[in-house]
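Participant: dropping a prediction and its sequence here:
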Amino acid sequence: MKRALLTVEHLTMRFGGLTAVDDVSFTAWDGEITAIIGPNGAGKTTVFNCLTGFYQPTVGRLLLERADGERFLLERLEAYRIGRDAKVARTFQNIRLFPRMTVLENLLVAQHTSLMRASWYSVAGLFGLANYRHAEDAAIEKARHYMELANLVEVADWQAGNLPYGAQRRLEIIRAMCSDPVLLCLDEPAAGLNPRESAELNDLLLLLRAEKGVGILLIEHDMSVVMRISDHIVVLDYGKKISDGTAEQVQNDPRVIAAYLGEEEVA
Amino acid sequence: MAYLLQQLINGLTLGSIYGLIAIGYTMVYGIIGMINFAHGEIYMIGAFVAVIAFTAFSNLPLVVAIMLVLLFSMVITAAYGWTVERVAYRPLRGSFRLAPLISAIGMSIFLQNYVQLLQGARNKPVPPMIQGGFTVMQEGTFTVQLSYLQIMIVVTTLVLMAGFTHFINTTSLGRQQRACEQDKTMAALLGVNVDRTVSLTFVLGAGLAAVAGVMVTLYYGVVDFYLGFLAGLKAFTAAVLGGIGSLPGAMLGGILIGLIEALWAGYFSSEWKDVAAFSILVLVLIFRPQGLLGRPEVEKV
């Protein structure tokens, strides 16, 4: 049975006189991939910034409901609590890895909350005490598991900044996964990828959905990614939602075609 | 030959002290991109706490006393480092770039005057505690001396630097520190408490400066409230020479500045040794602004 993971109601974001997002409502279902698409400037990234606490929405309710029944109103949480407590993780349009740390270290930073607790704020870590060793082993094991999924095991000790572009994208996604999110927000993960890297990205996202059951919210321009993997697509144009449905429904919606192809007066 | 060896020994000792202070400059620059000009004063406070503690623990056996003084000085100086960041820099984060720098200069003057008023303007001496040493070699009438104190300073510094490098490279907290240094926003999104990590950087830097303060108290046997100014500037020069933001660079730069100063004083003129050290600063800034081990500044677009 489908369960609503994120319910966005009447989200509006104004910057002075500009309304970037205008009364948008949609639902992202648990364990599904929901894509948000639209022409440039449609307000997609603004929606993400509201979800992850970068912006305080002007109007609207952002309800996250986890499988264990715990509920969070994201618009009321501070930015760092959205990641730590509500378990919403995100990536950015431009890659933001820690370039001078290894692939493995990047994945360990994402697990630092549990590591810190186990290491008594590094006092135990410095002396290599047993419980810290144990926690660190568990963290490395988890990192290894994700590196296998993303095909990055061989480059575990590379500096992240030296990886090829496609591998950096995949690393960014599994780093977000290492914080055990219930909702993963990806901002244009396929941007700048070649067709082969794009296909690898598709595989990774489908694998994460199947194996981890994580809900994925995706902003993407690359329609080969969007149409292939999305369960459900929300289309924005000039800050308003103009369509919502499966890939097939959206592709045949005259308003979507008008927005993308610039058709004259629909009505 | 013998004379050169003696100057190298002296330079290495002095350089160890500069290196310990330089780490504080370089780490703070790495994480918040500002030069903490009050760091020299933090080191001076470390030296003053050492004088007070040595007086208090003078009845104890020497080894115990030194251990206690180190501990005492590190804890109190670290508390000063934490407070300076909390009071003078954190409120200005997100302000224009020069604001924390000006605040740092103000903090530096404040701390100098604060110690001068509380402890008096006169030199404070401590009795020599660790005496004796080896005669390394003899050449004519000139003997090369390596004192126990010099050995202790260099060994303590090397152990601390190794331990510190290990801490930054392998522990969870060190990883967090490096993550904040590279991308604070992303680190926060992954749940890292950035403010606490910055505080930690100041605490660690001050702790190392305190060790340098204890060592200098033992080495010269006298401290005054103005001690931090010149030493701070030289340690800053060391950090720039090694490449500001680079941890191994700060250590290397400290030792090089110590050696340059000792050799200059030994072969040319001891009155001009500060000129030598600061000429290095100017030359590095002109010809290799990224320093010996630093990364060239890449303009972010």
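Facilitator: Noted; the coordinates are in hand.

Participant: make it CA atoms for all contacts and neighbour counts henceforth
Facilitator: Will do.

Participant: quick one, what contacts residue B:243?
Facilitator: With contact taken as Cα atoms under 8 Å, 6 or more residues apart in numbering or on different chains, residue B:243 is in contact with B:249-250, B:289-295.

Participant: quick check: chain neighbours aside, which residue is closest to residue A:170?
Facilitator: Leaving out its chain neighbours, the residue that sits closest to residue A:170 by Cα to Cα, 6 or more residues apart in numbering or on different chains is residue A:150, at 6.2 Å.

Participant: could I get the contacting residues of that neighbour?
Facilitator: Counting by Cα under 8 Å, 6+ apart, residue A:150 makes contact with A:170-171, A:174, A:204.

Participant: next one: residue A:242
Facilitator: A:234-236, A:255-256.

Participant: do the same with residue B:186
Facilitator: Under the criterion of Cα under 8 Å, 6+ apart, the contact list for residue B:186 reads A:96-97.

Participant: helix/strand/coil for whichever residue of the stretch 151-267 of chain A sits closest to chain B?
Facilitator: Nearest to chain B, among the residues of the stretch 151-267 of chain A, is residue A:179, at 7.1 Å (Cα to the nearest Cα). Counting by DSSP: H, G, I helix; E, B strand; the rest coil, the backbone at residue A:179 sits in coil.

Participant: tally of neighbours for it?
Facilitator: Per other Cα atoms under 10 Å in any protein chain shown, the neighbour tally for residue A:179 reads 23.

Participant: any weak-confidence spans in the stretch 151-300 of chain B?
Facilitator: Regions of the stretch 151-300 of chain B meeting the criterion pLDDT under 70 cover residues B:297-300.

Participant: so how far is residue B:193 from residue A:88?
Facilitator: Shown here: residue A:88 relative to residue B:193, a distance of 17 Å by Cα to Cα, to the nearest Å.

Participant: looking at the two, which has the bigger crowd around it?
Facilitator: Legend: neighbour count by other Cα under 10 Å for residue A:88 and residue B:193, higher for residue A:88 (26 against 16).

Participant: could you measure from that one over to residue A:3?
Facilitator: Residue A:88 is 17 Å from residue A:3, by Cα to Cα.

Participant: can you map out the strands along chain A?
Facilitator: Secondary structure of chain A (DSSP state E): strands at A:4-15, A:18-29, A:33-37, A:59-65, A:71-73, A:88-90, A:183-187, A:215-219, A:232-237, A:240-245.

Participant: make CSV out of these and add mean pLDDT.
Facilitator: Shown next, in CSV, are the strands of chain A (pLDDT from 0 to 100):
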stretch, mean pLDDT
strand A:4-15, 91
strand A:18-29, 90
strand A:33-37, 92
strand A:59-65, 91
strand A:71-73, 90
strand A:88-90, 88
strand A:183-187, 92
strand A:215-219, 91
strand A:232-237, 90
strand A:240-245, 88
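
Participant: of the ones you listed, which approaches residue B:255 most closely?
Facilitator: strand A:88-90 (44.2 Å; Cα to Cα).

Participant: quick one: the closest one to chain centroid distance?
Facilitator: 5 Å (Cα atoms, centre = their mean, to the nearest Å).

Participant: could you tell me which residues of the stretch 51-200 of chain A lie near chain B?
Facilitator: A:79-81, A:83-84, A:89, A:96-101, A:105, A:109-110, A:112-113, A:115-116, A:119, A:121-122, A:125-126, A:176, A:179 (Cα under 8 Å from any Cα of the partner chain).

Participant: pull out the buried members of those residues.
Facilitator: For these, a burial check counting by 16 or more other Cα atoms under 10 Å in any protein chain shown picks out A:79-81, A:83-84, A:89, A:96-101, A:105, A:109-110, A:112-113, A:115-116, A:119, A:122, A:125-126, A:176, A:179.

Participant: which residues touch residue B:54?
Facilitator: With Cα under 8 Å, 6+ apart, residue B:54 has these contacts: B:65-66, B:69, B:126.

Participant: in the one helix or strand it maps to, which residues are buried?
Facilitator: In the assignment (DSSP states H and E), residue B:54 maps to helix B:39-56. Within helix B:39-56, the residues that qualify as buried are B:39-51, B:53-54, counting by 16+ other Cα under 10 Å.

Participant: go through the chain and flag its longest helix.
Facilitator: In the absence of a named chain, chain A is used. Ranked by residue count, the top helix of chain A under DSSP state H comes out as helix A:130-149.

Participant: wait, chain B
Facilitator: Assignment by DSSP H gives helix B:2-32 as the longest helix of chain B.

Participant: still on that earlier bit, how about the strands of chain A in a markdown table, adding distance to residue A:44?
Facilitator: Shown next, in a markdown table, are those (distance: least, Cα to Cα, whole Å):
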| stretch | distance to residue A:44 |
| --- | --- |
| strand A:4-15 | 11 |
| strand A:18-29 | 8 |
| strand A:33-37 | 7 |
| strand A:59-65 | 15 |
| strand A:71-73 | 20 |
| strand A:88-90 | 14 |
| strand A:183-187 | 9 |
| strand A:215-219 | 7 |
| strand A:232-237 | 7 |
| strand A:240-245 | 10 |
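
Participant: most neighbours among the contacts of residue B:54, which one?
Facilitator: residue B:69 leads these on contacts (other Cα under 10 Å) with 23 neighbours.

Participant: show me what the one helix or strand it maps to is packed against.
Facilitator: Here residue B:69 sits within helix B:62-84, counting by DSSP H and E. On a contact count with 3 or more Cα pairs under 8 Å, 6 or more residues apart in numbering or on different chains; DSSP states H and E, helix B:62-84 meets helix B:39-56, helix B:194-220.

Participant: on that earlier part again, what subset of the contacts of residue A:242 is also close to chain B?
Facilitator: For chain B, no contacts are drawn from those by Cα under 8 Å from any Cα.

Participant: residue B:183 and chain A, how far apart?
Facilitator: Computed with Cα to the nearest Cα, to the nearest Å, the distance linking residue B:183 and chain A is 7 Å.

Participant: go on, residue B:219?
Facilitator: From residue B:219 across to chain A, the span is 30 Å (Cα to the nearest Cα).

Participant: equivalent analysis for residue B:128, please.
Facilitator: Residue B:128 sits at a distance of 34 Å from chain A (criterion: Cα to the nearest Cα).

Participant: isn't that residue up against residue B:217?
Facilitator: No. Counting by Cα atoms under 8 Å, residue B:128 does not reach residue B:217; the two are 9.4 Å apart.

Participant: who's more crowded, those two?
Facilitator: residue B:217 (25 against 12).

Participant: quick one: contacts for the residue nearest the centre of chain B?
Facilitator: Taking Cα atoms, centre = their mean, the centroid of chain B lies closest to residue B:21, which sits 0.7 Å from it. Residues near residue B:21 by Cα under 8 Å, 6+ apart: B:39-40, B:43, B:205, B:208-209, B:212, B:232, B:235.

Participant: enumerate the residues of the stretch 101-250 of chain B near chain A.
Facilitator: So the stretch 101-250 of chain B meets chain A at B:167, B:171-173, B:175-176, B:179, B:182-183, B:186-192 (Cα under 8 Å from any Cα).
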